[in-house]
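Visitor: how would this look folded up:
(chains A, B, C, D and E)
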Amino acid sequence: MILESKLPFKYLIGIVKYELIIVLTVGILTHFSAIRLTAFLPEMPLAIPAFLGTSISVLLSFKMNQSYDRWWEARKVWGAIVNDSRSLVIQLQSFLNSDQTDNIKRISYRQIAWCYSLGRSLRGNLNSIENLDHLITKTDQAQISKHNNYNLAILQLTAADIKELRLNDAIDMHGHIHLQETIIRLTDSMGGAERISKTVFPSTYRLILHFIIYLFVITLAISLKGTNNTFVIPLLLLISAGFFCIEKIAYHLQDPFRNLPSDIPVTDIANTIEINIRQLLSEEISKGDSKANDYFVM
Amino acid sequence: MILESKLPFKYLIGIVKYELIIVLTVGILTHFSAIRLTAFLPEMPLAIPAFLGTSISVLLSFKMNQSYDRWWEARKVWGAIVNDSRSLVIQLQSFLNSDQTDNIKRISYRQIAWCYSLGRSLRGNLNSIENLDHLITKTDQAQISKHNNYNLAILQLTAADIKELRLNDAIDMHGHIHLQETIIRLTDSMGGAERISKTVFPSTYRLILHFIIYLFVITLAISLKGTNNTFVIPLLLLISAGFFCIEKIAYHLQDPFRNLPSDIPVTDIANTIEINIRQLLSEEISKGDSKANDYFVM
Amino acid sequence: MILESKLPFKYLIGIVKYELIIVLTVGILTHFSAIRLTAFLPEMPLAIPAFLGTSISVLLSFKMNQSYDRWWEARKVWGAIVNDSRSLVIQLQSFLNSDQTDNIKRISYRQIAWCYSLGRSLRGNLNSIENLDHLITKTDQAQISKHNNYNLAILQLTAADIKELRLNDAIDMHGHIHLQETIIRLTDSMGGAERISKTVFPSTYRLILHFIIYLFVITLAISLKGTNNTFVIPLLLLISAGFFCIEKIAYHLQDPFRNLPSDIPVTDIANTIEINIRQLLSEEISKGDSKANDYFVM
Amino acid sequence: MILESKLPFKYLIGIVKYELIIVLTVGILTHFSAIRLTAFLPEMPLAIPAFLGTSISVLLSFKMNQSYDRWWEARKVWGAIVNDSRSLVIQLQSFLNSDQTDNIKRISYRQIAWCYSLGRSLRGNLNSIENLDHLITKTDQAQISKHNNYNLAILQLTAADIKELRLNDAIDMHGHIHLQETIIRLTDSMGGAERISKTVFPSTYRLILHFIIYLFVITLAISLKGTNNTFVIPLLLLISAGFFCIEKIAYHLQDPFRNLPSDIPVTDIANTIEINIRQLLSEEISKGDSKANDYFVM
Amino acid sequence: MILESKLPFKYLIGIVKYELIIVLTVGILTHFSAIRLTAFLPEMPLAIPAFLGTSISVLLSFKMNQSYDRWWEARKVWGAIVNDSRSLVIQLQSFLNSDQTDNIKRISYRQIAWCYSLGRSLRGNLNSIENLDHLITKTDQAQISKHNNYNLAILQLTAADIKELRLNDAIDMHGHIHLQETIIRLTDSMGGAERISKTVFPSTYRLILHFIIYLFVITLAISLKGTNNTFVIPLLLLISAGFFCIEKIAYHLQDPFRNLPSDIPVTDIANTIEINIRQLLSEEISKGDSKANDYFVM
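Guide: As a prediction, this is how the structure comes out:
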């Protein structure tokens, strides 16, 4: 995550440094050989790189659009997780009898654990329930670790608990159905996040886009062969840097769970859920615990 | 908020004044040095700033699109809050027995308070329930102030009240479920507004956009170096002012709760909800109280 | 509304006549002074108005897109009103006992009145229930007129009626819930239409767009100063007329309830609902009453 | 419908033949008079038709986008009709007692009839229930023909049947509600298809688009006046044919029920529903009856 | 499917090889004859292919957008199938009595079979239930094979089983309704996948797009006739390769079930569902069985 006020310009250069080195090399080579081979090479009309440049902006705009939509969809999924986690606790308190405080607490804590675990799984952590002993019992952990998909296992445990409560008449049929629907919504959110995380944006499109940007750089370098080096190379670098940066931003946005600066801050969100749920359970949490967020998500 | 009929043109110039000063400086410097260094600097073909200009409009269009979508999504969330707040009162009146007027009124008033409080929270007011004594009891306020998230706490109180009504047989199970679903929808709307408010649009995109606009200004200034100053500088200012204004409009739209002219008018909407709910409760409100809205949201 | 087959071309000229007069004045002034000041004014390369023209089409395209979406959203809201009004009657017939024909008719008629009244309110008619005596009783009207929002008051009356039916055992709890959900959907549609009607599209964007179109006209006029007047001025007028017309179409679409040709035909839709509902109630309506729609909505 | 493998190129020429004749006339006239009046007419810089051409592609792209969205929305509505028709039968089989085979069959057949009838109504067939005697009884037909909206009448009959089943205790309250919800969804789909069918895309936009294409043709013809006829006229025809074809495709897509090649194949879909439902009812249908679809929808 | 890290460049050339051969032929022919006929053929201004190139990128961008949306919609449908399949098992475990393990297992296994079968049907496999003997009984298979639509038949069997459970009091009415709703959602997902699979994107648009790309190649070849062959032909090939590749990517994306590299990996997804469901049933699955996905979907 990056502070909005002080976005490191170096960061932006960093993410496109390989591309810029290639552009520099291509630019110098093309320009140099173009001057050399000036007799052989024909005039390249500037209209060709110019329309390529416009086309690139159109194609980049499509890519940015789709990547942003993926990122925003991922953010919405986590928004739904926040809402449904909070609703789950309020529903438990509404439908369970008053003597069930312990059960409410156990299920609520497990829901907090689920949020942390889902965030970690999306980021590729295979053992996503470690260090959650204060939120989830050893018995539960043993049960969960038999599964490939830990998060699904946690939701199954919650569903089983609620069935148990129903059999013990701690909750009636309508409450059972109502809570079950919240579990279905949580399953849907989990599936949505997994889908975004596992489905790669067609990489061929990206390849073609890079190809067209390099084509643009080469044709522009050739068409400017009449001018001196000191001017052409920086211009090539600056324009292509702009294009590559936007492409990179789009590339990062499209995978919102990959530990990149533009990531969805899943740990932070899980942390907020934890504070909200604990306070719904009337636990004392010094407000300082929710340390002031002194940065914004990029 | 700004009257549509008399939109202060000065306002538009105001929001981009820093950018225009930079453009002016850059324009004068570039143009001046370009004329000076005319021997060293090569001809900059006009095709380059021209295609950059087209590209900028494409990239701006994407940005405007996403920002508008965020703003409209925020507006829809508040539309849902209006609908669900009004529905909540109609539902209470439908499902509660006739002798529960006091409870209906207390819950309805608290719902009005929630609307004001949510609006204030989104605008960054930390103590969002102050001055709402006429809508929410002292006991409730004490309970709420233990939480980090006041608005969630208010909804929890309403859910608890409805459970209480259920235990006292003032409402049956189906009414309970039905009201609980409205509370879930309100939780979702609250979560949606928080999500939009807290998630910053990737700021790197904005940086690159500014970078390309300045690149456009510089290349245009160089390519027009043959013409006299009195003509080039105003042209640079006018075109870049257009681009920067659109960028600024998009930037403001994307954070719809930041006390800006294009804000969602959350206080006004809460006020409308208050009038609607009070009239649903058959309270006498002189129509003048809802002072004629003599302006439109920008 | 305008017949599709014979769209008055005059209409299109009419909606942009002020803009065209300004373009004419600006064009003549600029062109005239440009020829006069030919010694002072430098050559304006045609590339500048050309890229401005392309940019305008991109920015217009975004505006058209958003305006169309608003218009289509408004149309969908009224589509939902049609669906839910018809469903309400079918539901009443399904869930009420056979001896409740009078109540079904009263509620159904009031629902028809609601459709007319909502349409009128959206068009700015403050006394939206006048002339609906055949659809809504005097008692109801007296009750409604105490409210600011007549349409909300009508829905409250329907909700109260259904509660009454429940208390009289004319309907059971499940039917009550089911009908209540339809009322919630109608509240949502009403809220959606109000939201679209009251939220103005950011007018600053429009101002900037006009500004860029005039900038385009001026730069084009200057850059064509070498050619004779008889040719330049019509060209300026024709191109800018195209741009302004699209902008005007977008402007009209974005406010779909303002008594404009591209309006959602709310009265017609309410009329269709009336015929549908009356026939669902087995009333005899000579088919001629639903006069053949010999025009289409623009 | 058109076979994908052998799309008649002639078809495409056919749909834009009037436009091409106008372009030919305009092109010859303009070009001829331009050569004649070469002394009077100034040089038309090619930059003007060039930017107009780009603008046209942007504006066409918006139109294509909206038209496609309408078409896809219409397709989704019919997808929902397929789903809900099949679900209706499965639900009837789930909730009705085993001795109700006749009633299940009657309601299912009527649902098939509804699909055919809705498809015909959307295509403008006023007597949409003729030739459906094997699917819908004479009594029902008599009842239906009293209505303006036959399809709504059919759904009312189904709702009445289900109420009857409820009164006869062939179904319990929960099954009643559940089936009623499916009827509401079918009402919504019907309303959605009617909305798309009856709401015309703003035709003024189309007029302006044509106007700009002709403006493009004229300016291009003038600006190429230096070249010989044999080359200019075919070029004008080819480029404008491309533009007009895309506009025509968009125009056809936007009205997906008008008996055009790009139509939603409502009869085919109704046919598929019939086969599915009959097999759900365990009727023997030789697989050949569902003749191999040897074509795809265009 | 293609490994992201090592995307075979040859693959990209392969998918557009026919188009490139045509471009090569057209380019050589046009260029050659243009040089020959230089006396007859007039100068083709470069502005014409340039604006055509820009237009192509705009029209391609629209196509890419719609194709991507179809592909993503198909992916979402399969995401919903994952979610609802898992939910179905959790719901069975929640609502059925403890002695129903066998029934839970039989229905769950059949659900796995449904996922495999649906995937195969979408890919055109007519006998989609073969080799699923371990998941679905012979009796069921006999029943299913009477249908045209095997997948619908499987869902009907599950609905019948649940009704049976209800009649045997192994589940109560509320559980019945709740499970029935999951079956409706599965029917909807199936219908959605069928709709995407069967509805062909308007192929005329594609034809026009190809036509404009060839028009671009021809006009570019003519306008560059002054330059030597060695330079023009590769340029034509490179630029048009870029355009054709994007068009091909879009074409492949728009049919997400056609056994192409950019396909939705339906077998893999069904495999994941199988592992998840078996583990929810507490079956021992060695984690190795879910072989590490060493590739990503393209």
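Visitor: Contacts only, for A:Ile154.
Guide: If you count contacts by CB atoms under 8 Å, 6 or more residues apart in numbering or on different chains, A:Ile154 has them with A:Arg110, A:Ala113, A:Trp114, A:Ser117, A:Ile136, A:Asp140, A:Ile144. For every residue, glycine as well, the C-beta is placed using N, CA and C.
Visitor: I meant to write A:Ser67 there.
Guide: Applying CB under 8 Å, 6+ apart, the residues near A:Ser67 are A:Phe201, A:Ile249, A:Ala250, A:Tyr251, A:Leu253, A:Gln254.
Visitor: List just the nearest of those to chain B.
Guide: In terms of CB to the nearest CB, no member of the contacts of A:Ser67 lies closer to chain B than A:Ile249, at 5.3 Å.
Visitor: hang on, isn't that closest one packed against A:Met64?
Guide: Yes: taking contacts as CB atoms under 8 Å, A:Ile249 lies within contact range of A:Met64: 7.3 Å.
Visitor: anything in contact with each of these two?
Guide: Shared contacts of A:Ile249 and A:Met64, counting by CB under 8 Å, 6+ apart, come down to B:Tyr205.
Visitor: Which of the helices or strands spans the residue of the stretch 151-298 of chain A found nearest chain C?
Guide: Here the stretch 151-298 of chain A gets closest to chain C at one residue, A:His174, 11.3 Å apart by CB to the nearest CB. Using DSSP states H and E, the element containing A:His174 is helix A:173-198.
Visitor: Helix or strand next in line after that helix, which one?
Guide: As assigned by DSSP H and E, the chain's next helix or strand after helix A:173-198 is helix A:203-223.
Visitor: confidence score at A:Leu24?
Guide: pLDDT for A:Leu24: 84.
Visitor: Quick check: the residue nearest to it when sequence neighbours are not counted vs chain B, distance?
Guide: Nearest-residue entry for A:Leu24: A:Leu237, 6.4 Å, with adjacent residues in sequence omitted and distances by CB to CB, 6 or more residues apart in numbering or on different chains. In this view, A:Leu237 and chain B are 11 Å apart by CB to the nearest CB, to the nearest Å.
Visitor: related to what we said a few turns ago, looking at the contacts of A:Ser67, which one is closest to chain E?
Guide: Nearest to chain E among the contacts of A:Ser67: A:Phe201, at 8.7 Å, using CB to the nearest CB.
Visitor: residue contacts, the nearest residue to the closest one once chain neighbours are set aside?
Guide: In space, and not counting its chain neighbours, A:Phe201 is closest to A:Gln254: 4.7 Å by CB to CB, 6+ apart. Shown in contact with A:Gln254 (CB under 8 Å, 6+ apart): A:Gln66, A:Ser67, A:Arg70, A:Trp71, A:Phe201.
Visitor: Which pLDDT value does the model give A:Gln254?
Guide: Looking at A:Gln254, the pLDDT reads 85.
Visitor: Roughly how far does it sit from E:Asp263?
Guide: 19 Å (CB to CB, to the nearest Å).
Visitor: ok, the residue nearest to A:Leu24 - how many residues close by?
Guide: 16 (other CB atoms under 10 Å in any protein chain shown).
Visitor: What is the subsequent helix or strand relative to the helix or strand containing it?
Guide: Taking DSSP H and E as the criterion, A:Leu237 maps to helix A:229-253. Later in the chain than helix A:229-253, the nearest helix or strand by DSSP H and E is helix A:266-280.
Visitor: And for that following helix, what's in contact with it?
Guide: Residues contacting helix A:266-280 (CB under 8 Å, 6+ apart): A:78, A:81-82, A:85-86, A:89-90, A:93, A:108, A:111-112, A:115-116, A:118-120, A:122-123, A:257, A:285, A:289-290, A:293, B:146-149, B:152-153, B:156.
Visitor: Off-centre distance for it?
Guide: Relative to its parent chain, helix A:266-280 has a centroid offset of 19 Å by CA atoms, centre = their mean, to the nearest Å.
Visitor: Buried residues, it. List them.
Guide: A:266, A:268-280 (16 or more other CB atoms under 10 Å in any protein chain shown).
Visitor: Closest to chain B out of the residues you listed?
Guide: If you rank the buried residues of helix A:266-280 by distance to chain B using CB to the nearest CB, A:Gln279 comes first, at 4.7 Å.
Visitor: hang on, the earlier thing: how close does the residue nearest to A:Leu24 sit to B:Ala50?
Guide: A:Leu237 is 20 Å from B:Ala50, by CB to CB.
Visitor: before we move on, what about A:Ile264?
Guide: From A:Ile264 to B:Ala50 the distance is 39 Å (CB to CB).
Visitor: okay, these two: which has more neighbours?
Guide: Neighbour totals were compared for A:Ile264 and B:Ala50, and B:Ala50 leads with 28 against 25 (other CB under 10 Å).
Visitor: How many residues are close by the closest residue to A:Gly192 other than its chain neighbours?
Guide: In space, and not counting its chain neighbours, A:Gly192 is closest to A:Val77: 4.4 Å by CB to CB, 6+ apart. Neighbours of A:Val77 under the rule other CB under 10 Å: 22.
Visitor: avg pLDDT for the strand or helix carrying A:Val77?
Guide: According to DSSP H and E, A:Val77 maps onto helix A:47-95. Mean pLDDT, helix A:47-95: 92.
Visitor: which element follows that helix toward the C-terminus?
Guide: Using DSSP H and E, the helix or strand that directly follows helix A:47-95 along the chain is helix A:101-122.
Visitor: how about the CA coordinates for that following helix, as CSV?
Guide: Output in CSV follows, covering the C-alpha atoms of helix A:101-122 (Å, rounded to 0.1, in the frame of the first residue of the first chain):
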residue,chain,number,x,y,z
THR,A,101,-23.8,-16.4,24.7
ASP,A,102,-21.0,-19.0,24.6
ASN,A,103,-22.2,-20.5,21.3
ILE,A,104,-22.7,-17.0,19.8
LYS,A,105,-19.1,-16.1,20.8
ARG,A,106,-17.7,-19.4,19.4
ILE,A,107,-19.4,-19.0,16.1
SER,A,108,-18.5,-15.3,15.9
TYR,A,109,-14.9,-15.9,16.6
ARG,A,110,-14.8,-18.6,14.0
GLN,A,111,-16.2,-16.2,11.5
ILE,A,112,-13.4,-13.7,12.3
ALA,A,113,-10.9,-16.6,11.7
TRP,A,114,-12.6,-17.3,8.4
CYS,A,115,-12.0,-13.8,7.2
TYR,A,116,-8.3,-13.9,8.1
SER,A,117,-8.0,-17.4,6.6
LEU,A,118,-9.7,-16.4,3.4
GLY,A,119,-7.5,-13.4,2.9
ARG,A,120,-4.4,-15.5,3.5
SER,A,121,-5.5,-18.2,1.1
LEU,A,122,-6.2,-15.7,-1.6
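Visitor: Could you measure from A:Leu60 over to C:Glu194?
Guide: With CB to CB as the criterion, A:Leu60 and C:Glu194 are 39 Å apart.
Visitor: what does A:Phe257 give?
Guide: 39 Å.
Visitor: nearest spatial neighbour of the closest residue to chain E within the stretch 51-200 of chain A, skipping sequence neighbours?
Guide: Residue nearest to chain E within the stretch 51-200 of chain A: A:Ser55 (3.5 Å; CB to the nearest CB). Once flanking residues are discounted, A:Ser55 sits nearest to E:Ser57: 3.5 Å by CB to CB, 6+ apart.
Visitor: tally of neighbours for the one you found?
Guide: 26.
Visitor: so who does it touch?
Guide: Taking CB under 8 Å, 6+ apart, we find E:Ser57 in contact with A:Thr54, A:Ser55, A:Val58, A:Leu59, E:Phe243.
Visitor: Get me the contact residues on the stretch 101-250 of chain A for chain E.
Guide: The stretch 101-250 of chain A comes close to chain E at residues A:146-149, A:152-153, A:155-156, A:159-160, A:162-163, A:173-174, A:176-177, A:180, A:183-184, A:187-188, A:190-192, A:194-195, A:198-200, A:202-205, A:207-208, A:211-212, A:215, A:219, as judged by CB under 8 Å from any CB of the partner chain.
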